[in-house]
Structure formats: C-alpha cells, structure tokens
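**Q** I'll drop the sequence and a predicted model, then ask my questions.
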6 protein chains.
Amino acid sequence: MTTVRLLSDDEVRRIPEAWAVFEDIRATRKSDFVNNFWRALANDPPALARTWAQLKVVMMSEGELSPLVREMIYIAVSTANGCSYCIHSHTAAAKAKGMTDRAHAELLAVIGMAAQTNALVTAMQVPVDEAFQVK
Amino acid sequence: MTTVRLLSDDEVRRIPEAWAVFEDIRATRKSDFVNNFWRALANDPPALARTWAQLKVVMMSEGELSPLVREMIYIAVSTANGCSYCIHSHTAAAKAKGMTDRAHAELLAVIGMAAQTNALVTAMQVPVDEAFQVK
Amino acid sequence: MTTVRLLSDDEVRRIPEAWAVFEDIRATRKSDFVNNFWRALANDPPALARTWAQLKVVMMSEGELSPLVREMIYIAVSTANGCSYCIHSHTAAAKAKGMTDRAHAELLAVIGMAAQTNALVTAMQVPVDEAFQVK
Amino acid sequence: MTTVRLLSDDEVRRIPEAWAVFEDIRATRKSDFVNNFWRALANDPPALARTWAQLKVVMMSEGELSPLVREMIYIAVSTANGCSYCIHSHTAAAKAKGMTDRAHAELLAVIGMAAQTNALVTAMQVPVDEAFQVK
Amino acid sequence: MTTVRLLSDDEVRRIPEAWAVFEDIRATRKSDFVNNFWRALANDPPALARTWAQLKVVMMSEGELSPLVREMIYIAVSTANGCSYCIHSHTAAAKAKGMTDRAHAELLAVIGMAAQTNALVTAMQVPVDEAFQVK
Amino acid sequence: MTTVRLLSDDEVRRIPEAWAVFEDIRATRKSDFVNNFWRALANDPPALARTWAQLKVVMMSEGELSPLVREMIYIAVSTANGCSYCIHSHTAAAKAKGMTDRAHAELLAVIGMAAQTNALVTAMQVPVDEAFQVK
C-alpha cells in the first residue's frame, strides 16, 4: 500500500523523461527488472531522473570503496533509519555483488555494536575528546 | 557536560575490574590514551568489561570485512543516529586505519544518498518487491 | 496487529468520556468514520480526550498556516519518524484538503533533500554559522 | 569541530568546479555570505555541485508550494532528524522569507503534535485503516 | 543558541497566561527555578499552558508507575531521540527523585541493549511471532 | 520476510554453540518456545551466544529496577527506534511480567509526552541550564 501509484511499464512509456530513465536502469543493470522504488518515483519524472543519475554516480562510479562496501554502508544507514524496503533491496543488491553470509554477519554485528554505543554515549552525554578533533 | 562522571586514571585504578579493562585497552591499542567513552562507562565496571570485550570481537576479529570497512560502517550508523561523539571518534579511528579523504568523501556520498532514498521510500510507502525476498 | 485492543463503537459507547470524544470527532469531521488511532487510544479515555483536544487546536485553529500546510508538515515529521500509519492517514487528510499530485511531489522532494543534507551535515559535524544565531 | 575541513574562499578559488558553485550561490542569493555547509562540502567538488543543483531545483523552482512553506517542511524534517545545524540554517532562511513568530509557533506546535502521535501510534502498533489506502 | 528567544521573568510577567503557568510551575515544584524549556515555550502562551498541563497529568498524577520510573522512561525516549537537553533535564529530575547511581547504570544498560537488538531485528527484518499477538 | 533465514530446531541442533544457547533460553524461560529473533541470530552462533548472555545480565540480574520496569524501558526505546518486532515482543514480555492495562497506558502517555517535548526542545534548540549539570 503506497501513498503514490506504482506506475506500470505501459504508463511510464507515455512519459518520455521517465521512460528514458527506465531504459537506462535496464541497460545499466543488464536486467529487465525495474523495482518498485523507481515505479513510485516515476510519478515525478525530474525527481526520477535526478535520483537515478545521483545513484549511478554515488554507487557505481570508480573510487576507493568497492560497490559491495557501498551497499553495506547503505544497509547500515537504512537500518538505522528503519527503512524496511531499503534494507531488503540493498541486502539483495549486496548479495548479488558477492556479500557472503559471513560478511553479512559481520555487517550486522557492527550495526548492532554501533547502535548500542551510540545510545550509551548519548545517554551519558560524553564530550568529544580533544584528540579526536580534526586538524 | 556528562550525566555520569568521567573517571580519572586515579579513580579507575581503585576499581580492579575497570582497571584491568583500561590496561587491556592500552595494550591492545598500543597507546596510553583512553578516550572519554570508557571513562564514562567505568562507572559500571561490568558494563565496561562487557562492552570492551564485544568491541574487540566485533571490530578487531579476523573476518571478511577489513577493520577500516567496519569503521566506515560504524560512522554510517552513528550519523543516522546523530551521535556526535561517535562520529568524531570513529572518523578519527577510520583515518588512523588509513581512510583517505577520497574514501571519506565516498562514504559521505553514500550516507547522504541512503538517507535521501530512505526518506523517499518511507514517504511513498513503497512495498518490497517479490524479487528481494530471501529464499 | 496492535499492542492494545481497537475498541468498537459498542465498546466505546459504554465509556462516557471516550464516547463524547467519538461524537465530537464525528461532528467536527462531518463523517461517521472514526479511524483506528482513536479506537486504540480509547483504551485510555483521558489520553483520548486530551489528544483530540490538542489536535483540534494544533491542526484546525485559525492561524497563518493553512490546514493543508499543517498536514504536509505532519507528513514530513511522520516520514522522518518512520510512522507508516501516520504517513498514510495524514497523506489521505492532505489529499482531502486539496493536496494535488504536484504539491505532493514537491513535498516529497523537500523531504528527500532535507534528509540528505541532514545526514551530510551530521557526518561532517558542521558548526552553526554566527549569522544564523537568533538575536 | 568538523570531521572535514571548512574551506576558505582562498582555498575554494583554487578548485574551479567548487568556485563556480560558490559564485552561483552568491549570485543566486544576492549575498556574499557562503555558509559553513558549502565550505565543508567543497572538499568533494562534484558533491558540492550536485547538492547545490538539487537544492536550487527542490527549494527554489516554480511550483505549488511557496519557498517559505518548503523551508518550514525542511525545519520539520531536520527537527525529527535532530540536525541542529539544519534547524538553525533553515529557521534563519524561513525568517528571511517572511516566517512570522506566529507562523513559527504554529510550525512548532504541529511538529510537537506529530512527534507525539507518531510515538503513540508506533507504541500501539495501530494498523492502517482501509479508508486510507491509495486508489 | 536558540531559534526562539528565552523569555526572562520580566518579560513573562507581562503575559498573564504565561505568567500563571510560571507561577504554577514554581508552586508545584516548590522552587523558584524555571528551566529554559519553559522560557522558550513562553513565546507561545497557549502551547506553554497546554504542555505544562499535560506534563502534570502524565508525570505527576497518581498511578501505577512511580514518578521515578516515569522519569527513567522519559530518559530512555530522549536518548533514542537524541535530545541532549531532555536527557540532562530528566536525568537531573530522576536523581532528584531518588535515582541512585546503580539504578542509573541499570537504566543505561537496558537502553544500550534495546538499541542494539532494535538494530539487529531491523537489519534482519524479523517477522513478529504469532505468540506475541494481542488477543 | 527476513534478510537472513529463520533456523528451525532441526537446523540449530546441528550447530552445537547455537543449540546450547537455545537450550539455555528454554531452561531460563521454562518454556519450549524460542522466538524468531533468536532463530534469525542463530545464523551467527557467537553473536547469538553473546547477545543472549548480555540479555540475561541486563534484563534478569538482581538490581534496583524490577524486571517489569526494565521491560517498559525496553518498550520505550523500541518505540522511539520504530522497531515493530521489539515493541510486540517486549510488550508481550511486560504483560507476562504483570504489566496491567493501566500501567501500559501510563507508559504510553510518558512515551508520547517525551516524544513531543523532545521535538519541541530540538526545534527551539534550547540550551541546557547550568542547574542540570552533573557535579
């Protein structure tokens, strides 16, 4: 149950700006599957185009962090923000990029550890040590 | 300004269970510096011992994720949870473990991207695609 | 699946303080429909009365912000807090008050933008500029 | 205290991609003042350019929501996400765009109301009414 | 640094509705001290009156939960929401109501434990067991 | 729908470290029922053992806070973090430990009150009073 409609391919095909994004998603991912997030966002074609363009740069560009590491960071943020859809979609993406059960378990352990110490630090209102200040 | 006292070395030395942890922190990190989080947690020696033991396993054990990747995931969670202290301490730790400015920038970009799509997905209440379901 | 029972009209009718609120909800909204939030809250009649009274003042009183703008702000907060029910109920309310698809898309874009820059600012721990301080 | 450096004008001037953004910020806002967020983001010039471009579209484009309403929605999200910097900068922006003390008070009241009912709904795990489902 | 002004006693005295609340705060707490939250809220006298009235009912009325337990729950929520001011003020209130260092440590341990398992459950997307459903 | 598999008793029995935890859960709770959280966590047997050991100390050890009060604090944190599973499981646990409908209603009222004032304080950026500082 969404608050906007999920557009079918037939509907998106009638919106050139949105359809071009769908075609690029399919070409980039080498798959015919376009997931619901993009079908929801297609109601606002410029937002769809902007978000997909940003995602390509942020998640797929050359860089020091591997695509798999970026997916795991995405899962970490999505967990802290409680976004079920995002956890599912990015866990699937991480697995497709080679995340093993062992790596997944390590990711979960760090997420749980961080959430715990975040809460303890906040409840005790610990001040930042001088040594941690950026020079 | 904390809600518990930050214990000095002189105070911790009088609590054997806590002092043993401080000595292990120093030996493990090969540094005399013990940061404020542990000085706050030292008010509850079993919690101090338990949390440090867990941190060693979760952040330093052998595994598939490098210590640097684990620190970056920690930063991601701490950011989503808004824990300033944790962001500072784990950014410092990540830099000490070799995080370059480029890697930091990539981390920030993923964090920002995820926060944005988390919010969009939540506001549109997008249902999880069948394809993402774990088998 | 709730953690309290959703009370039916027959049950609420037996609790005068709660029934008076239900009657006012119906009269105020000119509709027989009472949504599940109030049926859950009816387990604590004074909380039901207090919350409804506050909602009438905050959301329906004369003021500078139109009822529609207030609903959109409500959606924004509910999204950041990850409250599915609230997102659904207040999106429905906003549409009933005239929110067009265009306005909805603009709202979503601001929510996504804010979530992204909130995360970036927090991860970079940007200090508040002097210029932003209230006089 | 930041986790990245705040770049001065002298430093940004040496990065053409970043300087072009600073010039556009100044021209667009008709003010010489560039706030710390952009000085922090300037460490990653493509992220700076991308974020500013998105902000211009999302916050300043023609549309149904006035620039002031968009700022108030931004404040609402930033509050729920606990981003002090963002609350300060967007409250200042909203005041500059004409937000009166009365409108500010109404905004705060809606934010507080929403946070309260978000929590109540979540604690009671209220299911979404059929009537709220999008057609 | 606030986004509204903190009103002094001299200023509040000129607003009868707000001054009556200040007098009741002082009488109820048997103390001349009025903390900053109320001085900020005094900019919107009806919100001040409404919030104080609700606080008195929720935190001080007769009931099954002792005032101290209510303060500890308040700290727990404030920690999860990252509200520094609220953590400080309610930790002070809890101490004034008799919270010992031992009880404080137990509270912190539960908060940290819950934050950790909340994150683990969310990352693993664990479905609610039938057995937990309310009858 | 989970992101890890929920292990059946037959599967856990083949992992000695995990099965020992399941046996202790059953012995400690004097019940054959092992809820889904542990079946999900069983994919990482050391994490299962560590988390269960911590839970026993934090939630069941002798102390000043009763087991019921600890469960109510757990519910408060889980609500603020939006963890549906945790809200359900700990509400069930609290009821099993004697939480009456009246106590539950009082808990909900405090959670709602805190969420509201957290948001108001954050939106107004109220500075901590000197009087609240720990000595």
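**A** Happy to help now that I have it. Numbers count the residues shown, from 1 in each chain, chains lettered A, B, ... in the order given.
**Q** domains for chain A, by residue range?
**A** Domain assignment for chain A, taken from the TED database, gives A:1-61, A:63-125.
**Q** now those domains as a markdown table including distance to chain C and mean neighbour count?
**A** All C-beta atoms are positioned from the backbone trio N, CA, C, and that covers glycine. Formatted as a markdown table, the domains of chain A follow (distance: least, Cβ to the nearest Cβ, whole Å; neighbours: other Cβ atoms under 10 Å in any protein chain shown):
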| stretch | distance to chain C | mean neighbour count |
| --- | --- | --- |
| domain A:1-61 | 4 | 17 |
| domain A:63-125 | 4 | 23 |
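**Q** ok, which of the ones you listed comes nearest chain F?
**A** Nearest to chain F, of all these, is domain A:63-125, at 4.0 Å by Cβ to the nearest Cβ.
**Q** quick one: is that closest one near chain E?
**A** Yes. Interface with chain E: domain A:63-125 contributes A:75, A:79-80, A:82, A:84, A:87-88, A:107-108, A:111-120, A:122-125 (Cβ under 8 Å from any Cβ of the partner chain).
**Q** can you give me the strands in chain A?
**A** In chain A, no strands are found when defined by DSSP state E.
**Q** which residue does it have closest to chain B?
**A** At 3.3 Å from chain B, A:A80 is the closest residue in chain A, using Cβ to the nearest Cβ.
**Q** quick check: that residue touching B:A80?
**A** Yes. Assessed by Cβ atoms under 8 Å, A:A80 is found in contact with B:A80 at 3.3 Å.
**Q** just the CA atoms of the biggest helix by length in chain A, as PDB, please.
**A** Counting by DSSP state H, the longest helix found in chain A is helix A:101-124. Written as PDB, here are the backbone C-alpha positions of helix A:101-124 (Å, rounded to 0.1, in the frame of the first residue of the first chain):
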ATOM      1  CA  ASP A 101      26.800 -15.000   4.800                       C
ATOM      2  CA  ARG A 102      29.900 -14.400   6.800                       C
ATOM      3  CA  ALA A 103      30.300 -10.800   5.600                       C
ATOM      4  CA  HIS A 104      26.600 -10.200   6.300                       C
ATOM      5  CA  ALA A 105      27.000 -11.500   9.800                       C
ATOM      6  CA  GLU A 106      30.000  -9.200  10.400                       C
ATOM      7  CA  LEU A 107      28.000  -6.200   9.000                       C
ATOM      8  CA  LEU A 108      25.100  -7.000  11.300                       C
ATOM      9  CA  ALA A 109      27.500  -7.200  14.300                       C
ATOM     10  CA  VAL A 110      28.900  -3.800  13.600                       C
ATOM     11  CA  ILE A 111      25.500  -2.300  13.100                       C
ATOM     12  CA  GLY A 112      24.300  -3.700  16.500                       C
ATOM     13  CA  MET A 113      27.500  -2.600  18.200                       C
ATOM     14  CA  ALA A 114      27.300   0.900  16.900                       C
ATOM     15  CA  ALA A 115      23.600   1.300  17.800                       C
ATOM     16  CA  GLN A 116      24.400   0.200  21.300                       C
ATOM     17  CA  THR A 117      27.400   2.500  21.900                       C
ATOM     18  CA  ASN A 118      25.500   5.400  20.100                       C
ATOM     19  CA  ALA A 119      22.800   5.000  22.800                       C
ATOM     20  CA  LEU A 120      25.200   4.700  25.700                       C
ATOM     21  CA  VAL A 121      27.200   7.700  24.600                       C
ATOM     22  CA  THR A 122      24.100   9.800  24.100                       C
ATOM     23  CA  ALA A 123      22.600   8.800  27.400                       C
ATOM     24  CA  MET A 124      25.800   9.600  29.200                       C
END
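**Q** quick one, that helix and helix E:101-124 angle?
**A** 150 degrees (axes from the mean of the first three to the mean of the last three Cα atoms, to 10 degrees).
**Q** one step back: how much space separates the residue of chain A closest to chain B from chain D?
**A** Going from A:A80 to chain D by Cβ to the nearest Cβ, to the nearest Å gives 11 Å.
**Q** quick one: contacts for that residue?
**A** Residues in contact with A:A80 (Cβ atoms under 8 Å, 6 or more residues apart in numbering or on different chains) are A:111, A:115, B:76-77, B:80-81, E:119.
**Q** how does it look with 10 Å?
**A** Residues counted as contacts of A:A80 (Cβ atoms under 10 Å, 6 or more residues apart in numbering or on different chains) are A:111, A:114-115, A:118, B:76-82, B:114-115, B:118, E:118-119, E:122-123, F:81.
**Q** equivalent analysis for A:I25, please.
**A** A:I25 makes contact with A:31-35, A:38, A:48, A:52, A:55-56, according to Cβ under 10 Å, 6+ apart.
**Q** got a pLDDT number for the residue of chain A closest to chain B?
**A** Predicted confidence (pLDDT) for A:A80: 98.
**Q** ok, A:V134 next?
**A** Reported pLDDT at A:V134 in the predicted model: 61.
**Q** residue ranges with poor pLDDT in chain A?
**A** Within chain A, the segments meeting pLDDT under 70 span A:134-135.
**Q** so where do the helices sit in it?
**A** Ranges of helices in chain A, per DSSP H, are A:9-13, A:16-29, A:36-41, A:45-55, A:67-80, A:84-96, A:101-124.
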